[in-house]
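Engineer: quick one: sequence and predicted model below, then my questions.
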Amino acid sequence: MIQNLFRLALMLSAFVAVPAIAQDTMITLPEVNSGDSAWILTASALVLMMTLPGLALFYGGLVRAKNFLSVLVQCGAIAAVASVIWIGVGYSLAFSVNGNAYIGSAENFMFGGLLDSVREDQTIGELAFALFQMTFAIITPALIVGAWVERARFGWVVAFSALWSLLVYVPVTRWVWGGGFLAEQGVIDFAGGIVVHTTAGISALVVALMLGKRIGFPKTLMLPHSPALTVAGAGLLWVGWFGFNGGSALAANDAAASAIINTHVAASVAALVWLLIERIKVGKSTAVGFATGAVAGLATVTPAAGTVGPGGAIIIGLLAGMVCFWFVGLIKGMLKIDDSLDVFAVHGIGGMMGSLLLAVFASESLGGVGYAEGAGMASQLWVQLKGVAIVAVYSAVVTLIIGYMVSMVLPMRVSEDQERDGLDIASHGERAWDLD
């Protein structure tokens, strides 16, 4: 009898202990906010829309009709290869908890260990975070397409973009967003002025110099074949940028709303400034000018969208319109560098300028969110300048190495006959427009 009672007591204690252990386990699990998660999933779709179809149409409309399809295929292929690299090793090397200040570990290979995981100080699942970051890894190498359109060999484009994603984008992401040495020094980059636009803009300039000029540049007019498609693409970029910058708050809150407002007003002001400058200089305000000005404003405000107020965003947009316009003329007109679709002048200059201006307009007296403890305007500006310089130099050197390495196996440039025929037929055996 006593033995039976003892056994019953053990069974009851075990029965009671199991829920208690489960309850303790549930308490230790980080909480995921479904609203924040839903916003990040939506933002991910918006950022992917920026590349496919936004950037593809924006760039595609700016080239000649015989090269339109090649731009679409290049953007699509880069999106595909960047996605595979990011899921395989890119995310792990950029954001894994283990590793060092320069590169992460392979612990999250193939997104392993992300399910039911939440990163510190976040309210979204790590899988959603990895997805969101993947869309940034997609659009960054795709931005460089604008530097080599109408003359780069397709095989070289894909191979270069794959290596560039792994050797430039991933390490820089680690340094700035993954807790690396630039983050430790206090570098701020809310949504990609350094990680995205500086890397892509500097690399685009290097690639343009490596490839050389298109046949006829700069004497032959190479007019956009469809300004309408360019404006449509810019519209998709503009809307998608709300996910780009607003999603970088990583929550559905006032920080996201503020970033979206700053993004919108900076783009609006930059577009108006570009139109005004065109009206003064050439007598007409163009559709392509409106689209380019808007993108310049979007790129410039990106690093600062979460740290400045609307007033600061307006000034950033004003400077973006003026400075980027001047650099377009400098690169193509004075220096005769065939950065075909102005990637360096718009994205590179915009991203670097915005990364520096945030140090000024983050001041609470100017409507910003203020500085970290112990930091001020001057010290933050110095930190930002160092961050921009380090990333710019690294991007240039590694891009040069990758470009030549790939060219040893796959030629960089198509033949003169293929360039004259157009890359749609020469590279893909198809025409974008069947006008016969």
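Structural biologist: Nice, thanks for sending it over.
Engineer: residue boundaries of the helices in the stretch 251-400 of the chain?
Structural biologist: 254-282, 287-301, 310-328, 343, 349-361, 377-407 (DSSP state H, counting those that start in this stretch).
Engineer: tell me what the fourth one is packed against?
Structural biologist: Other elements packing on helix 343 under the criterion 3 or more CB pairs under 8 Å, 6 or more residues apart in numbering; DSSP states H and E are helix 199-211. C-betas here are computed from N, CA, C, even on glycine.
Engineer: run through who's touching the helix it packs on.
Structural biologist: If you take CB atoms under 8 Å, 6 or more residues apart in numbering as the criterion, helix 199-211 is touched by 140-141, 143-144, 146-148, 151-152, 160, 164, 168-169, 172, 331, 337-340, 343-344, 346-352, 391-392, 395-396, 399-400, 403-404, 412-413.
Engineer: can you redo the helices of the stretch 251-400 of the chain as TSV with mean neighbour count?
Structural biologist: As requested, the helices of the stretch 251-400 of the chain are exported to TSV (neighbours: other CB atoms under 10 Å):
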stretch	mean neighbour count
helix 254-282	20
helix 287-301	28
helix 310-328	22
helix 343	29
helix 349-361	26
helix 377-407	18
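Engineer: JSON lines for those, including mean pLDDT and distance to Gly240?
Structural biologist: Shown next, in JSON lines, are the helices of the stretch 251-400 of the chain (pLDDT from 0 to 100; distance: least, CB to CB, whole Å):
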{"stretch": "helix 254-282", "mean pLDDT": "98", "distance to Gly240": "10"}
{"stretch": "helix 287-301", "mean pLDDT": "98", "distance to Gly240": "9"}
{"stretch": "helix 310-328", "mean pLDDT": "98", "distance to Gly240": "18"}
{"stretch": "helix 343", "mean pLDDT": "98", "distance to Gly240": "18"}
{"stretch": "helix 349-361", "mean pLDDT": "98", "distance to Gly240": "16"}
{"stretch": "helix 377-407", "mean pLDDT": "98", "distance to Gly240": "24"}
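Engineer: ok, which of those helices comes nearest Gly367?
Structural biologist: When these are compared by CB to CB, helix 310-328 sits nearest Gly367, at 4.7 Å.
Engineer: just the CA trace of the closest one, in CSV.
Structural biologist: In CSV, the C-alpha atoms belonging to helix 310-328 read as follows (Å, rounded to 0.1, in the frame of the first residue of the first chain):
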residue,chain,number,x,y,z
PRO,A,310,11.6,66.7,-42.0
GLY,A,311,13.4,70.0,-42.1
GLY,A,312,16.8,68.3,-42.3
ALA,A,313,15.4,65.9,-45.0
ILE,A,314,14.3,69.0,-47.1
ILE,A,315,17.8,70.4,-47.0
ILE,A,316,19.2,67.0,-47.8
GLY,A,317,16.9,66.8,-50.8
LEU,A,318,17.9,70.3,-51.9
LEU,A,319,21.6,69.5,-51.8
ALA,A,320,21.0,66.2,-53.5
GLY,A,321,19.4,67.8,-56.5
MET,A,322,22.1,70.4,-56.9
VAL,A,323,25.3,68.4,-56.1
CYS,A,324,24.3,65.2,-57.9
PHE,A,325,23.3,67.3,-61.0
TRP,A,326,26.7,68.9,-61.0
PHE,A,327,28.5,65.6,-60.6
VAL,A,328,26.6,64.2,-63.6
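Engineer: and for the following helix or strand past it, what's in contact with it?
Structural biologist: The element immediately downstream of helix 310-328 (helix or strand, assigned by DSSP states H and E) is helix 343. Residues outside helix 343 that contact it (CB under 8 Å, 6+ apart) are Leu143, Ile144, Gly146, Ala147, Ala200, Gly201, Ala204, Leu205.
Engineer: what's the burial count for the nearest residue to the second one once chain neighbours are set aside?
Structural biologist: Spatial nearest neighbour of Ile144, excluding adjacent residues (CB to CB, 6 or more residues apart in numbering): Ala204 at 4.8 Å. By the other CB atoms under 10 Å criterion, the neighbourhood of Ala204 contains 28 residues.
Engineer: and if you look at Asp116?
Structural biologist: 11.
Engineer: Gly329 too?
Structural biologist: 13.
Engineer: equivalent analysis for the one 3 residues further on, please.
Structural biologist: Lys332 is surrounded by 17 other residues when neighbours are defined as other CB under 10 Å.
Engineer: got any ranges where the stretch 1-150 of the chain has weak pLDDT?
Structural biologist: For the stretch 1-150 of the chain, the stretches flagged by pLDDT under 70 are 1-30.
Engineer: out of the contacts of helix 343, who's nearest Ala101?
Structural biologist: The closest of the contacts of helix 343, once distances to Ala101 are taken by CB to CB, is Ala200, at 23.2 Å.
Engineer: and the pLDDT at the closest one?
Structural biologist: If you check Ala200, the pLDDT there is 98.
Engineer: once you drop chain neighbours, what's closest to Asn133?
Structural biologist: Asn isn't right for residue 133; it's Gln. Tyr91 is the one closest to Gln133 (CB to CB, 6+ apart), at 6.5 Å.
Engineer: show me the contacts for the one you found.
Structural biologist: Asn108, Phe111, Ala130, Gln133, Met134.
Engineer: from Phe132, how far out is the nearest residue to Ala251 once chain neighbours are set aside?
Structural biologist: Distances taken as CB to CB, 6+ apart put Asp36 closest to Ala251, at 4.5 Å, once the chain neighbours are dropped. Asp36 is 11 Å from Phe132, where distance means CB to CB, to the nearest Å.
Engineer: likewise Met405?
Structural biologist: Taking CB to CB, one finds Met405 at 31 Å from Phe132.
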